[in-house]
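**Q** how would this look folded up:
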Amino acid sequence: MKDAATTNCMRPPVISVWDHATRYKLLLDINNAIVNQTTRETLFRALAQEIRRIVAYDRFSISIYDSNTRSLDWFAHAEGLRIKSMDGNSRPCEKGPVANAVITSQVPLIIPDMAAYSHWPTIRQMMDAGLKSTMAFPLLVRNNVVGTLNFSFCTPPSDLNELAEFLNELSGQVALSVDNMLAHTRLVNQKRTLEQQRDFLLDDRDTPYKPGDFYYSSPAMREIMRQVELIAKSDASILITGETGTGKGFLARYIHHMSPRSKAMFVKVNCPALAPSLFESELFGHAKGAFTGANAKRVGRFELANGGALFLDEIGELPIQLQAKLLNVLQDKVFERVGESRPITVDFRIIAATNSDLEQAILEKTFRSDLFYRLNTVSLHIPPLRERKEEIVPLLLRLTRDQAKILHRPPTTYSDEVLENMKSYNWPGNIRELSNIVNRLIIINSGQHITRRHLSPLLSAHQTEAPSPTLMTLAESERAHLIRVLTATKGVVGGKYGATAILKVPKSTLQYRLRKHGVNPNDFAKYSPRRSAGHPDGPEDAPGSMDVDLG
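**A** Residues are numbered from 1 along each chain as shown. The predicted model follows:
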């Protein structure tokens with residue numbers, strides 16, 4: 001394709017095609033040339049090459065019409081004269097008056113002398129490139145216009161009417177090929193999108209959602225859930241606040257599950273993990289070749305959430321320079337993939353969560369007030385576990401039952417003293433911390449009756465009210481210390497950062513002590529807890545982690 005500013009119009013020889021037999025053979029040759037093409041670009045180039053043998057065009061293009069957005073796009077880069085001001089990507093239908101007239105009327109438009117239409121901006125641009133006449137034909141498939149077939153000439157053909165008759169006949173064949181290729185492209189894109197959705201869901205597989213897993217009994221939580229029942233049925237943006245581990249992520253999933261959008265995807269965006277360099281690619285997606293390493297088209301999180309919900313987790317941690325980009329999409333629900341200029345319209349519900357004080361962040365100029373008001377149409381605050389003490393014991397028993405079932409181990413039981421300690425503990429990590437303690441007790445003491453000596457090592461680091469002294473035997477103390485070390489090393493025994501290095505003992509000695517006290521390092525290395533009652537956001541990513549991420 002050559003630039004109009006540096007290239008004269010081309011005039012290849014014209015083949016006479018006006019007898020019926022010759023027309024049929026040429027149409028058959030064109031069909032054979034394009035039938036096996038697998039991409040839009042190769043189909044268009046094959047078509048352009050075959051038509052040039054017949055028609056002495058100086059510019060040839062195919063426009064694609066989107067009836068939903070009333071916009072035009074190029075099927076591929078035009079062949080022949082290049083017109084920089086026209087050869088962009090998507091444009092409103094009104095910006096292409098020739099194609100617009102053909103699409104509206106569904107009949108060909110033949111303009112022997114473009115000077116008569118010089119008041120049309122695109123006609124003036126074509127005339128500036130040296131073109132004198134043009135013709136466009138509707139691409140009709142089942143009475144629907146999928147686009148237009150366009151030819152332009154520097155010198156009007158002498159046999160214009162006969163040529164137009166042949167090209168109109170050709171347009172029917174081209175329409176079927178173009179429509180099939182567009183359908184193929186849609187299927188390829190849908191397959192790629194489904195693969196990305198599959199990958200997203202596989203990444204999220206450790207956080208399966210079950211409505212019955214969200215346990216609550218306090219008056220404060222009953223009031224919140226009453227509000228949730230009302231809010232879920234609307235499309236209002238929701239901001240969920242609360243300390244870490246209170247269940248913000250799980251509540252967001254619950255709202256989506258109860259909403260009319262529940263059949264579509266719930267897409268989580270971990271805002272602190274969004275690097276500025278990857279922000280647009282991750283959220284907007286990118287076109288193939290948009291940048292080094294973009295080997296395939298990628299669908300972004302906004303597009304994945306179309307029809308469903310977008311969950312912005314820890315929105316308060318989003319860098320200030322990225323907040324304006326996010327705000328623009330939340331306001332207009334329109335964006336462009338990186339490397340494309342075609343606008344994409346999406347429809348999703350916004351649910352955001354934070355453990356930060358956003359109003360204070362606004363005063364400190366670290367959070368945009370306009371983004372806050374966009375997110376905060378409806379707000380829900382989840383109280384910490386220490387303010388719901390009546391839920392602690394029922395939740396403890398529920399977690400024990402569910403986690404024992406997941407781990408295929410007998411559940412632990414608890415002494416009255418342990419239950420009182422649990423109720424009086426401050427729970428700085430909220431449900432996440434409670435869940436982690438239950439998991440550890442089941443792993444280390446499955447089937448046992450838990451007393452204070454089992455619990456004290458787990459609570460001592462954060463205990464706000466000093467418990468009365470509980471004396472352990474030397475063997476009990478040694479076992480508890482081994483458990484703490486293996487928890488820290490995630491079951492690693494040897495090596496620079498293993499338990500032997502921390503304890504400064506030979507590996508054989510440590511193995512003897514572990515066998516003596518019935519402690520298995522594999523319990524710490526292989527255990528990967530899944531969501532159960534009250535743990536809203538699933539496990540940490542590190543293999544062998546003992547902590548559950550509750551959002």
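
**Q** Just the strands from the stretch 51-200 of the chain, written as ranges.
**A** 59-66, 71-74, 79-82, 91-92, 109-111, 133-141, 144-153 (DSSP state E, counting those that start in this stretch).

**Q** Compare the mean pLDDT across those strands and name the weakest.
**A** Here the lowest mean pLDDT among those goes to strand 91-92, at a mean of 82.

**Q** neighbouring contacts of that strand?
**A** 70-73 (C-beta atoms under 8 Å, 6 or more residues apart in numbering). Placement of C-beta: from N, CA and C, glycine included.

**Q** Provide a ChimeraX selection command restricted to the buried entries of those residues.
**A** Per 16 or more other C-beta atoms under 10 Å, the buried members of those correspond to this ChimeraX selection:
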select :71,72,73
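
**Q** remind me which residues of this protein are low pLDDT?
**A** Applying pLDDT under 70 to the chain flags the ranges 1-23, 88-89, 189-214, 289, 293-294, 460-473, 525-551.

**Q** Give me the domain ranges for it.
**A** Domain segmentation of the chain under automatic domain parsing yields 2-186, 205-383, 385-471.

**Q** I'd like these written out as a markdown table, with distance to Arg515 added.
**A** Below are the domains of the chain laid out as a markdown table (distance: least, C-beta to C-beta, whole Å):
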| stretch | distance to Arg515 |
| --- | --- |
| domain 2-186 | 62 |
| domain 205-383 | 32 |
| domain 385-471 | 15 |
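
**Q** which stretch among those comes nearest His517?
**A** Closest of the domains of the chain to His517 is domain 385-471, at 9.9 Å (criterion: C-beta to C-beta).

**Q** what's near enough to touch the residue minimising distance to the centre of the chain?
**A** With distances taken as C-alpha atoms, centre = their mean, Arg301 lies nearest the centre of the chain, 2.1 Å away. Neighbour list for Arg301: 267, 269, 282-283, 310 [criterion: C-beta under 8 Å, 6+ apart].

**Q** Kindly indicate which of those lies nearest Leu326.
**A** Distance to Leu326 across the contacts of Arg301 (C-beta to C-beta) is lowest for Leu283, with 7.6 Å.

**Q** tell me the secondary structure for the closest one?
**A** The three-state assignment at Leu283 reads helix, by DSSP: H, G, I helix; E, B strand; the rest coil.

**Q** Pretty sure it sits against Val299.
**A** No: here Leu283 does not reach Val299: they are 10.7 Å apart, not a contact under C-beta atoms under 8 Å.

**Q** Show the residue spans covered by the helices in the stretch 151-300 of the chain.
**A** Taking DSSP state H, counting those that start in this stretch as the criterion, the stretch 151-300 of the chain carries its helices at 160-203, 219-231, 248-258, 279-284.

**Q** closest to Arg409 out of these?
**A** Between those, helix 248-258 lies closest to Arg409; by C-beta to C-beta that is 24.1 Å.

**Q** can you give me the end-to-end distance of stretch 304-321?
**A** For stretch 304-321, the first and last residues are 24 Å from each other (C-alpha to C-alpha, to the nearest Å).

**Q** Next up, phi/psi of the closest residue to Ile382 other than its chain neighbours, please.
**A** Of all residues not flanking Ile382 in the chain, Gly242 sits nearest, at 3.5 Å (C-beta to C-beta, 6 or more residues apart in numbering). Recorded main-chain torsions at Gly242 are phi 160, psi 160, according to degrees, to the nearest 10.

**Q** what number of residues lie near Gly242?
**A** Gly242 has 20 neighbours, counted by other C-beta atoms under 10 Å.

**Q** Just the CA atoms of stretch 351-360, as CSV, please.
**A** Output of stretch 351-360 as CSV, limited to C-alpha atoms (Å, rounded to 0.1, in the frame of the first residue of the first chain):
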residue,chain,number,x,y,z
ILE,A,351,-18.0,-3.3,44.7
ALA,A,352,-15.0,-2.0,46.5
ALA,A,353,-13.4,-2.8,49.9
THR,A,354,-10.8,-1.3,52.1
ASN,A,355,-9.4,-1.4,55.6
SER,A,356,-8.2,2.2,55.3
ASP,A,357,-9.9,5.4,56.4
LEU,A,358,-10.6,6.9,53.0
GLU,A,359,-11.9,10.1,54.3
GLN,A,360,-8.6,10.6,56.2
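
**Q** Buried ones in it, by neighbour count?
**A** 351-355, 358.

**Q** returning to what we had before: quick one: closest of the helices of the stretch 151-300 of the chain to Leu458.
**A** That would be, of the helices of the stretch 151-300 of the chain and by C-beta to C-beta, helix 248-258, which comes in at 23.2 Å.

**Q** and the closest one, what does it pack onto?
**A** Helices and strands touching helix 248-258, as assessed by 3 or more C-beta pairs under 8 Å, 6 or more residues apart in numbering; DSSP states H and E, comprise helix 219-231, strand 238-241, strand 266-270, strand 309-313, strand 349-354.

**Q** Can you pull out the residues in contact with the second one?
**A** It stands for strand 238-241. Here strand 238-241 makes contact (C-beta under 8 Å, 6+ apart) with 231, 248, 251-252, 255, 315, 350-355, 358, 375-382.

**Q** which of these count as buried?
**A** 231, 248, 251-252, 255, 315, 350-355, 358, 375, 378, 380, 382.
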